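> this one's sequence-less:
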């Protein structure tokens, strides 16, 4: 009986894997069809002359521009510069968000002293701070990093605080009954419970980082993808503007998917639907 039961379990797992592969294949097929339709519509609009070639260049021209940027190294140089800025700002924002979230959990009374300021700044668009940041920090790297921090901090902070404060009271009561200190209770009970929310906040914050860096580089930079787009606009190179938009979309999408894959591995399949 035991051997038969094991065979049945193995057969069910195999069927589940095959079913999952079919679902993924179907999803990829739909994405491919949607992409082909979009490119065909773009091609038809350009060929029929609905828009002037200056306003909307053809897909062929944009692809040629991307290929030239690939060959001369401009593409990778700007991507690498923007990626470095995003990762620096994202990391600093996460450390700050985690620290303040931990304070909210360990010292609830202290949170009242700064929560009002966090909620106030959360409603101020980071790009509106650019004039002041340029006056305070100049047009160097500091300004761009601060803009990324302002953009990515708040979604991470809100999710981290939610994870820390939504821990089941019964679990905390059990920890207290075992004479856990406040720090040990946070480390052993609250933090593990909050990890999914922390990861959600990190993924959201990463997306906001990419959105912010483009605006920052378009105003106060001499390199990066944002500068590439702005310089192309000044040179009336609409094909290069669209190429830059495509680059940032692909790079942002790729980093998001890599992060989602790492989260799925870390959570070992838990919450699969939330990371598709």
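That came through fine. Quick caveat: nothing in here was measured; it's all calculated off a predicted structure.
> pLDDT below threshold where in the stretch 151-276 of the chain?
220, 268-276 (pLDDT under 70).
> in it, which spans are strands?
Counting by DSSP state E, counting those that start in this stretch, the stretch 151-276 of the chain forms no strands at all.
> the helices in it, which residues?
169-177, 182-185, 191-219, 225-234, 238-267 (DSSP state H, counting those that start in this stretch).
> between the ones you listed, which gets nearest to residue 162?
helix 191-219 (5.3 Å; CB to CB). Just so you know, the C-beta spots here come from the backbone N, C-alpha and C atoms, and that holds for glycine as well.
> got the buried residues for that closest one?
Residues of helix 191-219 classed as buried: 191, 194, 196-210, 212-219 (neighbour count, 16 or more other CB atoms under 10 Å).
> the spatially closest residue to residue 94 that is not a sequence neighbour: what's it in contact with?
Once flanking residues are discounted, residue 94 sits nearest to residue 156: 5.8 Å by CB to CB, 6 or more residues apart in numbering. Listed by CB atoms under 8 Å, 6 or more residues apart in numbering, the contact partners of residue 156 are 93, 94, 97, 98, 198, 201, 202, 204, 205.
> correct me, but the first one touches residue 147?
No. Applying CB atoms under 8 Å as the test, residue 93 and residue 147 come out as separate, 10.7 Å apart.
> after the one helix or strand residue 23 maps to, next one along is what?
According to DSSP states H and E, residue 23 maps onto helix 2-48. On the C-terminal side of helix 2-48, the closest following helix or strand by DSSP H and E is helix 59-72.
> how is this structure carved up into domains?
According to automatic domain parsing, the chain comprises the domains 1-50, 57-275.
> just name the most buried of the ones you listed.
Ranked by mean neighbour count under mean count of other CB atoms under 10 Å, these are led by domain 57-275, which reaches a mean of 17.
> how far away from the center of its chain is it?
6 Å (CA atoms, centre = their mean, to the nearest Å).
> let me see the mean pLDDT of stretch 67-87.
Averaged across stretch 67-87, the pLDDT comes to 91.
> who touches that stretch?
With CB under 8 Å, 6+ apart as the criterion, stretch 67-87 contacts 66, 141, 144-145, 148, 206, 209-210, 213-214, 216-217, 223-228, 240, 243, 247-248, 251, 255.
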